[in-house]
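S.K.: need a structure here:
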Amino acid sequence: MNHRERVLAALSHKEPDCLPFDFGSTPTSTITRRAYTSLRHFLGLPQAPLEFFTFAAQSVVPDEEILQHFGVDTRCVRGASVAAVVPQRVGGYEEFSDVWGIRYRKPADSGFYYDLFHHPLQGKDEQQIEAYVFPDPRSVVDAAVLNLQCASVRENGYAVVLGKTYGFGLLHTGAYLLGYEDLLSRMILEPRVVESLLEQILNCKLEFYQHVLQCAGSNIDVVVEADDLGTQRGPIISPELYRAMVKPLQARLFDGIKKAAPHVKILFHSDGAIREFIADLIEIGADAVNPVQFSAHDMEPERLKREYGKDIAFWGGGIDTQNLLPNGDSDTIKRAADKLISVFSRDGGYIFATVHNIQDDVPPENVVALFDQVGKWRRR
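M.R.: Okay, here's the model as predicted:
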């Protein structure tokens, strides 16, 4: 099998020839800026220009030299590099705005990430929300660049992952526009306002995917959609509210993607405790779930694999990045990875990736120890 065939076999619940491996093909299976520069230095590689996946999160797209060094099976395509963000100094903060009018900041002399502090629709009434002008869905990617990227990745035998979407997830975009408190309270107190906003986001997303998949769909293997439905302790919203307000829109989104490109696999990202939603995701057409945060409540790997492993693939769950990867020793990291891989990879349906991004506090030697252990599984 080549790299692409290996990933697609796993997503189809077939036994691949060896363990499929993703690093850096999605916004939540990559590495942050400082950890990446430390990794390159540790490997004796010269520093290279950085391409950010998400500037606010300081997550970067690993370059081809790193991907080939570790034998990664996936490659992301984005249509064009993200325009450079130049934060402005405002008092003790660095601040910037995005095309949505959302504003971010971090302490100028410290801090790892930019936090949201201004939501353009927060506190606005129904009429003001309806008047909001959404970014053009067709301006998100450059179709010509995307076609070239897809053709190059496919020619080299890698699985092609569309690493770009319109905005964020449906609920996620609503939360960024309204603010979480405003969104969650209005879902109960003013459901019509939220439903109208989410409907507009959905329509823009469908237009985006129609445009992208018409341009390059035949060469795209995986698309990524995300909506954080869980905290570490439980769901962000009740399963009942999710099924009434969010799930029907996600179903239409997934159906639109599948109609535009029936062969494309849908990778759904949600952090946290989401076991209560997995059956719903399977029902509406998700092919894989990421990042499989097994440290969250009710997310035991053995149970997830036993109950859902025949119906949905697991993309992630390879190591705990909150505690073990930054603080553990190499032997403990290798043993933990072995245990998790042995559970999730049984009978196919698994692509190795870390549980969310490798963060700035992870020593490079721990990253290398982990990926070397993945390499041993790939040589079995």
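S.K.: look up how far Ile333 lies from Lys376.
M.R.: Applying C-beta to C-beta, to the nearest Å, the value for Lys376 to Ile333 is 13 Å. All C-beta spots, glycine's among them, are computed from the backbone N, C-alpha and C.
S.K.: likewise for Glu283?
M.R.: Separation of Glu283 from Ile333 (C-beta to C-beta) stands at 36 Å.
S.K.: between the two, who's got more neighbours?
M.R.: The neighbour comparison of Glu283 against Ile333 (other C-beta atoms under 10 Å) goes to Ile333, with 21 against 12.
S.K.: would you agree that one falls within a strand?
M.R.: No - for Ile333, which was evaluated using DSSP: H, G, I helix; E, B strand; the rest coil, the result is helix, with no strand membership.
S.K.: I'd say it and Val368 touch.
M.R.: No - contact criterion C-beta atoms under 8 Å: Ile333 and Val368 do not qualify, at 10.1 Å.
S.K.: the top helix by length along the chain packs against which elements?
M.R.: Determined from DSSP state H, the single longest helix within the chain is helix 191-216. Applying 3 or more C-beta pairs under 8 Å, 6 or more residues apart in numbering; DSSP states H and E, one finds that helix 191-216 contacts helix 126-130, helix 143-155, helix 170-178, helix 180-189, helix 247-260.
S.K.: most tightly surrounded among the ones you listed?
M.R.: Comparing the helices and strands packed on helix 191-216 by mean neighbour count (mean count of other C-beta atoms under 10 Å), helix 170-178 comes out on top with a mean of 24.
S.K.: which residues touch that helix?
M.R.: 100, 102, 116, 119-122, 132, 167-168, 183-184, 186, 194, 197-198, 201-202, 205, 226-229, 246, 249-250, 253 (C-beta atoms under 8 Å, 6 or more residues apart in numbering).
S.K.: need the buried ones from those residues selected in PyMOL.
M.R.: The buried residues among the contacts of helix 170-178 can be selected in PyMOL (16 or more other C-beta atoms under 10 Å) with this line:
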select buried, resi 100+102+119+120+121+167+168+183+184+186+194+197+198+201+202+205+226+227+228+229+246+249+250+253
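S.K.: measure how far the next helix or strand after the longest helix of the chain is from the centre of its chain, please.
M.R.: Of the helices and strands lying after helix 191-216 in sequence (DSSP states H and E), the nearest is strand 222-226. Averaging C-alpha positions (C-alpha atoms, centre = their mean, to the nearest Å) puts strand 222-226 7 Å from its chain's average.
S.K.: and strand 222-226, what's its mean pLDDT?
M.R.: The average pLDDT within strand 222-226 is 97.
S.K.: can you dump the C-alpha atoms of that strand in PDB for me?
M.R.: Extracted in PDB, the C-alpha atoms of strand 222-226 (Å, rounded to 0.1, in the frame of the first residue of the first chain):
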ATOM      1  CA  VAL A 222     -10.800  13.900   3.500                       C
ATOM      2  CA  VAL A 223     -12.500  17.000   4.700                       C
ATOM      3  CA  VAL A 224     -12.500  18.300   8.200                       C
ATOM      4  CA  GLU A 225     -15.400  19.700  10.100                       C
ATOM      5  CA  ALA A 226     -15.400  20.700  13.700                       C
END
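S.K.: next, the buried residues of the helix or strand just after it.
M.R.: The helix or strand immediately downstream of strand 222-226 is helix 239-241, counting by DSSP H and E. Neighbour-count burial for helix 239-241, counted by 16+ other C-beta under 10 Å, picks out Leu241.
S.K.: packing partners of helix 239-241?
M.R.: In terms of contacts (3+ C-beta pairs under 8 Å, 6+ apart), helix 239-241 is packed against helix 275-284.
S.K.: name the residues that touch the helix or strand that comes right after the helix it packs on?
M.R.: Per DSSP H and E, the first helix or strand lying C-terminal to helix 275-284 is strand 288-290. Here strand 288-290 makes contact (C-beta under 8 Å, 6+ apart) with 11, 26, 28-29, 222, 224, 265-270, 274, 278, 281, 312-316, 351, 353.
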